[in-house]
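**Q** Pasting the sequence and the predicted coordinates here, then a few questions.
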Number of protein chains: 2
Amino acid sequence: MLIREAVTEDWDAVWPFFRAIVAAGETYTYPRDLDKEAGRALWMLSPPGHTVVAVGEDGTVLGTAKMNPNHMGGAAHIAGASFMVDPAHGGKGVGRALGEYVLRWARSEGYRAMQFNAVVETNTGAVALWQSLGFEIMTTLPEAFLHPEKGYVGLHIMYQRF
Amino acid sequence: MLIREAVTEDWDAVWPFFRAIVAAGETYTYPRDLDKEAGRALWMLSPPGHTVVAVGEDGTVLGTAKMNPNHMGGAAHIAGASFMVDPAHGGKGVGRALGEYVLRWARSEGYRAMQFNAVVETNTGAVALWQSLGFEIMTTLPEAFLHPEKGYVGLHIMYQRF
């Protein structure tokens, strides 16, 4: 697996699994009917943001991450990041590799911390992964996310300092 | 004191105290050198956002607040808001009146909660005001804000459900 900077043409490969994950409405605070162009605008970032894809040996896009300043001004030393892994390529360590990449990127860019603003508490696989990478659940906003099957559930705010 | 919707022309009255508060860099996560147009773009919102001014009997602008969805998709029922009071008109209850207005607005628009993403912990007057209006400190992100005099201080995330 290789993680490399995403280029414009990668969006066609990302979009099918990105759309499926967003349309399911279980893990992301994006409008479930987000269209391809709006998705691209949200995900394919320009500096100071950065977007990468994880690709397999044959060049298949397995997952993607975006990373960016989470705040401005006096809190601009806090980065944020978001992740999507193609469910067809789950369980292969793609999410972990992307998480490790994002943390290296943030450190190398001089950030002092990373904050995840809205981790759906029922997304337990992701929560456990971020914890294993050093993130802490700082709080859980009660009833902050309307899950399509489970109703109102909490949103974790996760954070780690470097 | 009257609270009314802000119109384009109000920005000339807001900008002097807005600029002073932002330039001081003690309470807002905005770039301290924000210029007038960038400030206007951040503050003067269109629907679904909403911006108001508090004005005195003689029409003087005493303070301002903006309010907006804090998240999208499954968390779009959480509102956010920000406040600026002209220091020349502090201690007159302007901040409290704006806070009460914003909570009424959010309820009337159908939001179920309000979240403040970044309340500087040394801004103790604001913290106490929001607590008196029903907000709870959910967590304090350590060293999340670089205060120009106090160094790295915490950022509170404050929340209340309706």
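**A** Thanks, I have the structure now.

**Q** Which residue ranges of chain A form strands?
**A** With strands called from DSSP state E, chain A shows them at A:2-5, A:50-55, A:61-69, A:78-85, A:113-120, A:136-147, A:151-161.

**Q** Alpha carbons of the last one, in PDB - could you do that?
**A** Looking back up the chat, that one is strand A:151-161. Taking only C-alpha atoms (Å, rounded to 0.1, in the frame of the first residue of the first chain), the coordinates of strand A:151-161 have been written out as PDB:
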ATOM      1  CA  GLY A 151     -31.800   7.700  16.400                       C
ATOM      2  CA  TYR A 152     -30.000  10.400  18.300                       C
ATOM      3  CA  VAL A 153     -26.500   9.300  19.400                       C
ATOM      4  CA  GLY A 154     -23.500  11.100  20.800                       C
ATOM      5  CA  LEU A 155     -20.700  12.800  18.900                       C
ATOM      6  CA  HIS A 156     -17.200  12.300  20.400                       C
ATOM      7  CA  ILE A 157     -14.700  15.200  20.300                       C
ATOM      8  CA  MET A 158     -11.300  13.500  20.100                       C
ATOM      9  CA  TYR A 159      -7.900  15.200  20.600                       C
ATOM     10  CA  GLN A 160      -4.300  14.500  21.000                       C
ATOM     11  CA  ARG A 161      -1.300  16.800  21.600                       C
END
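
**Q** chain center to that strand: distance?
**A** 13 Å (CA atoms, centre = their mean, to the nearest Å).

**Q** ok, is that strand in contact with chain B or not?
**A** Yes - judged by CB under 8 Å from any CB of the partner chain, strand A:151-161 comes into contact with chain B at A:155, A:157, A:159, A:161. (Each C-beta comes from the backbone N, C-alpha and C, glycine too.)

**Q** Columns pLDDT and neighbour count on top of the residues you listed, output as TSV?
**A** Listed next are those as TSV, based on pLDDT from 0 to 100; neighbours: other CB atoms under 10 Å in any protein chain shown:
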residue	pLDDT	neighbour count
A:155	98	24
A:157	98	25
A:159	98	24
A:161	97	17
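
**Q** farthest-separated two in those?
**A** A:155 and A:161 (20.7 Å; CB to CB).

**Q** what does chain A put close to chain B?
**A** A:22, A:25, A:28-32, A:71-78, A:112-113, A:115, A:117-118, A:120, A:138-139, A:141-148, A:155, A:157, A:159, A:161.

**Q** Find the nearest non-adjacent residue to residue A:19, please.
**A** residue A:39 (6.9 Å; CB to CB, 6 or more residues apart in numbering or on different chains).

**Q** Just to check, the one you found is in contact with residue A:17?
**A** No - if you go by CB atoms under 8 Å, residue A:39 and residue A:17 don't touch, sitting 11.2 Å apart.
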